[in-house]
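Undergrad: Need the 3D shape of this:
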Amino acid sequence: MTVLKRVLLSTLAFVGTLGAPQRARAIGAGDANTIFDAWNKALLIRSGGDVFYRSRLNEAKPDKSWTGSLDILVAIDAYERTGDPNRKTLVNDLLNTWLKNNRPPWDWNWWNDDLGWYANALVRGYLVTGNAEFLKQAKYGFDHAFNRGWDTKYNGGGIWEENPEGTAKEKPPKEPTKEALSNDSLGKVACLIYQATHDSTYLSKCKQIYDWVHSRLYNANTGQINTGIDKQNKLQTGAAAYNQGTFLDYAAILFECTGTSSYKADAQKALDFARSDKLTKSGIYSNDGTQLNTWADEVARGAGRFIHDHQLWDTYHPWFIQNAEAIMKNRRSDRGITDNAWSRPTPKDDTAKANVFASAVVWLQYTPATNPGKIGGIHYIVNKKTGQYIDNENTYGDGKRVVQWSYSGWQTQRWQFSQNSDGTWNIISLASFKALDNPNGSKDDGKVMVQWSRNRNSNQRWLVEPQSDGSYAIKNQASGKYLDGASSTANGGELKQWGWNGQDQQRWILKQV
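TA: Coordinates of the predicted model:
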């Protein structure tokens with residue numbers, strides 16, 4: 001990694017050139033699939049049981065190390081948008097091959113943000129596939145980087161970008177710095193490991209890193225995340241899309257984990273800076289720097305998820321569409337992929353690195369073709385008849401029952417709705433990060449609902465049907481039965497399924513958090 005990456009990390013501001021945005025075509029519902037399929041056709045290789053993305057368009061060798069991790073994150077985004085089991089298999093195969101080519105231990109690599117991207121792909125891959133090896137290595141990557149990189153001698157804390165042992169070996173040796181990219185990428189990993197394991201030590205470290213970033217690198221007045229800080233406490237004030245997006249996503253995930261409103265406010269401010277003229281020109285991301293790998297993929301992830309969770313599409317959907325239209329307009333005519341400069345036609349250069357095409361693919365995965373309705377995002381789910389709230393009873397394990405409880409406002413009553421490509425919804429507890437589940441797809445009336453690790457099988461897919469009174473009926477795909485409050489007003493009352501009768505105990509009100 002290095003010289004090229006250091007050029008990328010020291011980018012002080014966006015300097016791309018572009019003209020006024022042009023609206024050459026409307027975005028279609030199939031465009032996210034189209035560009036992901038083009039990415040796979042151009043870069044995906046299956047060989048002798050190995051599955052990997054090539055490092056460049058004209059090279060057949062695997063993209064390894066941190067750049068390979070960034071490629072795999074694209075496939076994870078595409079799976080999360082669709083719930084397509086074939087894409088789950090692809091993610092599993094890609095990560096297995098990546099681990100084969102990048103075996104731990106990683107103590108040869110002194111770049112802590114590299115380990116951050118390794119672990120990001122692995123922990124997100126675990127949440128998709130349930131493959132325990134991915135979680136094991138994600139924890140190892142985080143623990144290794146945090147244990148060697150977190151330093152309180154300088155700057156009151158923070159994780160070195162390249163550990164001092166590594167900077168001393170550079171020619172010529174250079175001074176180490178603590179940068180947004182290492183701290184934010186590893187902070188996200190700690191949050192996601194907490195979601196995967198419910199181990200509170202990772203949540204504590206997630207908060208610890210965040211507090212340091214917030215106090216040292218985040219500009220609370222503008223929402224900008226600065227590049228880094230050196231031993232002498234000199235702040236590097238450059239802005240870059242990848243730093244802005246990673247911090248935005250970090251703050252949003254911390255809000256998911258804790259419900260603390262200040263994290264949500266930080267994410268909102270970071271989002272507004274991300275779409276400002278400091279990082280865009282007339283709203284469009286476009287950077288033709290040849291030294292770049294990805295550029296705006298982290299903005300797409302952070303902004304897309306945050307906007308979805310908090311139903312902000314009325315404000316931000318035109319901006320997402322504006323960038324998506326530029327991407328689709330300026331694809332290579334022969335390969336159908338777009339590099340980091342979204343304002344001009346992508347050159348037909350087969351020496352280009354795989355990563356330069358990643359951001360455009362990711363942006364489309366988070367761009368709804370039309371302004372979404374009011375179902376997606378984080379909600380309380382309230383029974384119309386009783387006023388009781390669906391609650392996970394502050395339990396974590398698979399198979400634990402889901403109940404009803406009077407309003408508390410706690411994480412136990414907050415549920416995140418995300419959609420599958422077939423129109424069904426996944427309903428995830430923000431206390432346990434488990435899915436609302438109909439055990440084994442039972443078709444029995446009166447079956448009690450539980451929570452289970454996410455798999456997006458049909459017993460975890462729910463049709464959310466608007467009713468004329470503004471409420472919703474919530475039907476399990478596997479059973480065809482509806483969530484039913486059983487007219488229970490008692491705290492701890494069971495949540496059941498039942499054939500449709502249209503009564504108020506089967507009608508649910510979604511209250512935005």
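
Undergrad: all contacts plus neighbour counts: C-alpha atoms, from now on.
TA: OK.

Undergrad: Can you give the contact residues for stretch 419-426?
TA: The contact list for stretch 419-426 (CA atoms under 8 Å, 6 or more residues apart in numbering) reads 81-84, 376, 416-418, 435-436, 456, 460-464, 477.

Undergrad: Swap in 7 Å and give it another go.
TA: With contacts defined as CA atoms under 7 Å, 6 or more residues apart in numbering, stretch 419-426 is touched by R81, T82, G83, F417, S418, A435, R456, Q460, R461, W462, L463.

Undergrad: ok, now stretch 76-83?
TA: Against stretch 76-83 from outside (CA under 7 Å, 6+ apart): R87, K88, V91, G125, V362, Q365, N420, S421, R456.

Undergrad: and if you look at stretch 47-64?
TA: Applying CA under 7 Å, 6+ apart, the contact partners of stretch 47-64 are 42-46, 71, 93-94, 97-98, 101-102, 350-354.

Undergrad: which among the contacts of stretch 76-83 end up buried?
TA: For these, a burial check counting by 16 or more other CA atoms under 10 Å picks out R87, K88, V91, G125, V362, Q365, N420, R456.

Undergrad: Just give me the closest of the residues you listed to A75.
TA: Nearest to A75, judged by CA to CA, of the buried ones among the contacts of stretch 76-83 is V91 at 6.3 Å.

Undergrad: what kind of secondary structure is the closest one in?
TA: At V91, secondary structure determined by DSSP: H, G, I helix; E, B strand; the rest coil is helix.

Undergrad: Can you find the helix or strand in this protein with the smallest mean pLDDT?
TA: Ranked by mean pLDDT, DSSP states H and E, the weakest helix or strand in the chain is helix 3-9, scoring a mean of 39.

Undergrad: Just the ones of the contacts of stretch 47-64 in strands?
TA: Among these, the ones falling in strands (DSSP state E) are L44, I45, R46.

Undergrad: if I look at the first one, how far off is N287?
TA: With the distance defined as CA to CA, to the nearest Å, L44 ends up 24 Å from N287.

Undergrad: before we move on, what about the second one?
TA: Note on I45: its distance to N287, by CA to CA, is 27 Å.

Undergrad: Settle it for me: which of the two has more neighbours?
TA: Neighbours were counted for I45 and for N287 using other CA atoms under 10 Å; N287 has more, 23 against 17.

Undergrad: Please report how far the residue nearest the centre of the chain lies from E80.
TA: Computing the C-alpha centroid of the chain and ranking residues by CA atoms, centre = their mean puts R301 first, at 5.0 Å. R301 sits 11 Å away from E80, going by CA to CA.

Undergrad: Kindly report the same for K64.
TA: Note on K64: its distance to E80, by CA to CA, is 23 Å.

Undergrad: now G156
TA: G156 is 37 Å from E80, by CA to CA.

Undergrad: Of these two, give the one with the bigger neighbour count.
TA: Between G156 and E80, counted using other CA under 10 Å, E80 has the larger neighbour count: 21 against 12.

Undergrad: pLDDT at the more buried one, what is it?
TA: Reading off the confidence values, E80 has pLDDT 98.

Undergrad: In terms of helices and strands, where is it?
TA: Counting by DSSP states H and E, the element that carries E80 is helix 65-82.

Undergrad: again with L127
TA: Here L127, judged by DSSP H and E, is contained in helix 112-129.

Undergrad: what about stretch 483-501, how long is it end to end?
TA: Start-to-end, stretch 483-501 (CA to CA) is 11 Å.

Undergrad: related to what we said a few turns ago, relative to helix 112-129, how tilted is the helix holding E80?
TA: Per axes from the mean of the first three to the mean of the last three CA atoms, to 10 degrees, the angle that helix 65-82 makes with helix 112-129 is 30 degrees.

Undergrad: Going by neighbour count, which of the contacts of stretch 419-426 comes out on top?
TA: That'd be W462 among those, by other CA under 10 Å, with 30 neighbours.

Undergrad: For G302, see how far away the residue lying closest to D114 once chain neighbours are set aside is.
TA: Nearest residue to D114 in three dimensions, chain neighbours excluded: W66, at 5.3 Å (CA to CA, 6 or more residues apart in numbering). Distance of W66 to G302, computed by CA to CA: 19 Å.

Undergrad: Comparing these two, which shows the higher neighbour count?
TA: G302 (24 against 20).

Undergrad: Out of the contacts of stretch 76-83, name the ones that lie in helices.
TA: Among the contacts of stretch 76-83, the members found in helices (DSSP state H) are R87, K88, V91, G125, V362, Q365.

Undergrad: Same list, the residues you listed, but as a markdown table with pLDDT please.
TA: Formatted as a markdown table, the ones in helices among the contacts of stretch 76-83 follow (pLDDT from 0 to 100):
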| residue | pLDDT |
| --- | --- |
| R87 | 98 |
| K88 | 98 |
| V91 | 98 |
| G125 | 98 |
| V362 | 98 |
| Q365 | 98 |
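
Undergrad: The stretch 301-450 of the chain: helices as residue ranges?
TA: 313-329, 358-365 (DSSP state H, counting those that start in this stretch).

Undergrad: In the protein, which strand is the longest?
TA: Per DSSP E, the chain has its longest strand at strand 377-383.

Undergrad: Which neighbouring elements make contact with that one?
TA: Contact here means 3 or more CA pairs under 7 Å, 6 or more residues apart in numbering; DSSP states H and E; on that basis strand 377-383 packs against helix 297-309, strand 389-391, strand 415-419, strand 508-512.

Undergrad: Of those, flag the one that's most buried.
TA: Per-stretch averages of neighbours, counted by mean count of other CA atoms under 10 Å, single out strand 389-391 among these, with a mean of 28.

Undergrad: pLDDT of it, averaged?
TA: The average pLDDT for strand 389-391 rounds to 98.

Undergrad: same check, this time on stretch 310-329
TA: In this model, stretch 310-329 has an average pLDDT of 97.

Undergrad: one step back: tell me which of the buried ones among the contacts of stretch 76-83 is nearest to T395?
TA: For the buried ones among the contacts of stretch 76-83, the residue nearest T395 by CA to CA is R456; the value is 20.3 Å.

Undergrad: where's the nearest residue to the closest one once chain neighbours are set aside relative to S418, distance?
TA: Closest residue to R456 apart from its sequence neighbours, by CA to CA, 6+ apart: G83 at 6.5 Å. Plainly put, G83 is 10 Å away from S418 if you go by CA to CA.

Undergrad: Kindly report the same for S185.
TA: Relative to S418, and taking CA to CA, S185 is found at 23 Å.

Undergrad: same thing with N233?
TA: Distance, N233 to S418, using CA to CA: 42 Å.

Undergrad: Could you report the pLDDT at the nearest residue to W160 once chain neighbours are set aside?
TA: In this structure, W160 finds its nearest non-sequential neighbour in K178, 4.3 Å apart by CA to CA, 6+ apart. We have a pLDDT of 98 for K178.

Undergrad: Which of the helices or strands spans K178?
TA: Here K178 sits within strand 177-179, counting by DSSP H and E.

Undergrad: Give the other helices and strands that that strand contacts.
TA: So strand 177-179, by 3+ CA pairs under 7 Å, 6+ apart, packs with strand 228-230.

Undergrad: helix or strand right after the strand it packs on?
TA: The helix or strand immediately downstream of strand 228-230 is strand 235-236, counting by DSSP H and E.

Undergrad: Packing partners of the very next helix or strand once past that next one?
TA: As assigned by DSSP H and E, the chain's next helix or strand after strand 235-236 is helix 241-258. Taking 3+ CA pairs under 7 Å, 6+ apart as contact, the helices and strands that helix 241-258 lies on are helix 180-197, helix 261-274, helix 297-309.
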